[in-house]
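> need a structure here:
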Amino acid sequence: MENEELYKLIGNNIRKNRKDQCLTIQDIANLTDTDWSFLARIETGNGIPSIATVNKIAKALNIGLEDIFKKQKNDNLIDKTVINLIESFSENDKKNIVKILKTIKLINQNNKSSI
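Numbers count the residues shown, from 1 in each chain. Coordinates of the predicted model:
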């Protein structure tokens, strides 16, 4: 993995975990005593954090260092697009989407087994 890819991975994971916890960049800045603009650059892959800074951010997010360096399974564009679309639906619509996807999966499995 190239350095640029690594910095983007770190930034994406920090942003994802921060947003999952409904925290702002300023919240993390306050918890880590780090400038918010530097955190914004880290999240976009344009800032190069020290291991100490990454560790402070991980502690502020209550996650392990491995979670910041872990490549996410849904890093491809199609998965991200589907997730973004689904997030815009109501809970009831999400339940219906799950039912539809399960039906499609079952149809695909039946088609494969009949070949």
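> switch to C-alpha atoms for all contacts and neighbour counts from now on
OK.
> please compute how far stretch 88-107 lies from its chain's middle.
Mean-position distance between stretch 88-107 and its chain equals 22 Å (Cα atoms, centre = their mean, to the nearest Å).
> and that stretch, what's its mean pLDDT?
In this model, stretch 88-107 carries a mean pLDDT of 91.
> where in this protein is the helix or strand with the lowest mean pLDDT?
helix 77-87 (a mean of 76; mean pLDDT, DSSP states H and E).
> what's downstream of it, the next helix or strand?
Going down the chain from helix 77-87, the next helix or strand is helix 91-113, by DSSP states H and E.
> using PDB, write down the CA coordinates of that following helix.
Output in PDB follows, covering the C-alpha atoms of helix 91-113 (Å, rounded to 0.1, in the frame of the first residue of the first chain):
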ATOM      1  CA  GLU A  91     -36.700   2.500   8.900                       C
ATOM      2  CA  ASN A  92     -39.800   0.900   7.500                       C
ATOM      3  CA  ASP A  93     -38.500   1.300   3.900                       C
ATOM      4  CA  LYS A  94     -35.200  -0.200   5.000                       C
ATOM      5  CA  LYS A  95     -37.000  -3.300   6.300                       C
ATOM      6  CA  ASN A  96     -38.700  -3.600   3.000                       C
ATOM      7  CA  ILE A  97     -35.400  -3.300   1.100                       C
ATOM      8  CA  VAL A  98     -34.000  -6.100   3.200                       C
ATOM      9  CA  LYS A  99     -37.000  -8.300   2.300                       C
ATOM     10  CA  ILE A 100     -36.500  -7.500  -1.400                       C
ATOM     11  CA  LEU A 101     -32.700  -8.300  -1.200                       C
ATOM     12  CA  LYS A 102     -33.400 -11.600   0.600                       C
ATOM     13  CA  THR A 103     -35.900 -12.500  -2.100                       C
ATOM     14  CA  ILE A 104     -33.400 -11.600  -4.900                       C
ATOM     15  CA  LYS A 105     -30.700 -13.700  -3.100                       C
ATOM     16  CA  LEU A 106     -33.100 -16.700  -2.900                       C
ATOM     17  CA  ILE A 107     -34.000 -16.400  -6.600                       C
ATOM     18  CA  ASN A 108     -30.300 -16.300  -7.500                       C
ATOM     19  CA  GLN A 109     -29.600 -19.300  -5.400                       C
ATOM     20  CA  ASN A 110     -32.500 -21.200  -6.900                       C
ATOM     21  CA  ASN A 111     -31.400 -20.300 -10.500                       C
ATOM     22  CA  LYS A 112     -27.800 -21.500  -9.800                       C
ATOM     23  CA  SER A 113     -29.000 -24.800  -8.300                       C
END
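> no further queries at this time; thank you.
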